[in-house]
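Q: Structure for the following, please:
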Amino acid sequence: MEFLRARREKGDALGVKDPEPPESIEDIWTVAARVATVGIFVLLLGMSLYFCRPVLLPVVAALVIGTTLAPIVKAVARHRVSPWATAIVLGALLLGLGGTAVTLLSRPVSEWITRAPEFGATIKQKLYVLDRPLSALRELQDVVLPSGNAVAVEPSQLSIVTRRR
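A: As a prediction, this is how the structure comes out:
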């Protein structure tokens, strides 16, 4: 407690200091330029990753799989088995496991899909408590926005310029 009391007396509660005003307008513009530069870099990085996705996704997947399976390849290489042969066997094994997983999971997933209306009714029954608040919200929306969700669509004025066929 004495620590906090001493801090309050100094005007520095909990070790947080008041920010000092900038000395000149150039300091503000310098910080703003740095923030804008970082922001532009982040936006450009995101866009470049988005557009390079078809190339980067397989490369990154290969790196992840290679890094994950490298200890197995090294362990088998100690027994004088070629890394190429190990990679081929591991690839075939992974493809077989994937196919088996798809085969085994297809029946439960198809059953879930056929029972989806049943699940929907159960969820609706359990969430009936929200019916009154949602209807009150809809009424409030109708009061605030009397037009509701209607959107006015006007014909295009472009037909004046274009010729008709």
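Q: alpha carbons only for contacts and neighbour counts from here, please
A: OK.
Q: Who are the packing partners of the helix ranked longest in the chain?
A: Ordering each helix of the chain by length in residues (DSSP state H) puts helix 83-114 first. Packed against helix 83-114 by the contact rule (3 or more Cα pairs under 8 Å, 6 or more residues apart in numbering; DSSP states H and E) you find helix 53-77.
Q: can you pull the buried residues of the helix it packs on?
A: Within helix 53-77, the residues scored as buried using 16 or more other Cα atoms under 10 Å are Val73.
Q: From the contact counts, what lies against that helix?
A: Helix 53-77 is packed against helix 83-114, with contacts defined by 3+ Cα pairs under 8 Å, 6+ apart.
Q: Buried residues, the helix it packs on. List them.
A: Neighbour-count burial for helix 83-114, counted by 16+ other Cα under 10 Å, picks out 83, 86-87.
Q: Nearest to Glu23 among those?
A: Ala87 (63.5 Å; Cα to Cα).
Q: from the chain's centre, how far out does the longest helix of the chain sit?
A: Chain-centre distance of helix 83-114: 27 Å, with Cα atoms, centre = their mean, to the nearest Å.
Q: Ala87: what's it in contact with?
A: When the contact criterion is Cα atoms under 8 Å, 6 or more residues apart in numbering, the partners of Ala87 are Val73.
Q: if we can go back for a sec, looking at the buried residues of helix 83-114, spot the one nearest Ser48.
A: Nearest to Ser48, judged by Cα to Cα, of the buried residues of helix 83-114 is Ala87 at 31.9 Å.
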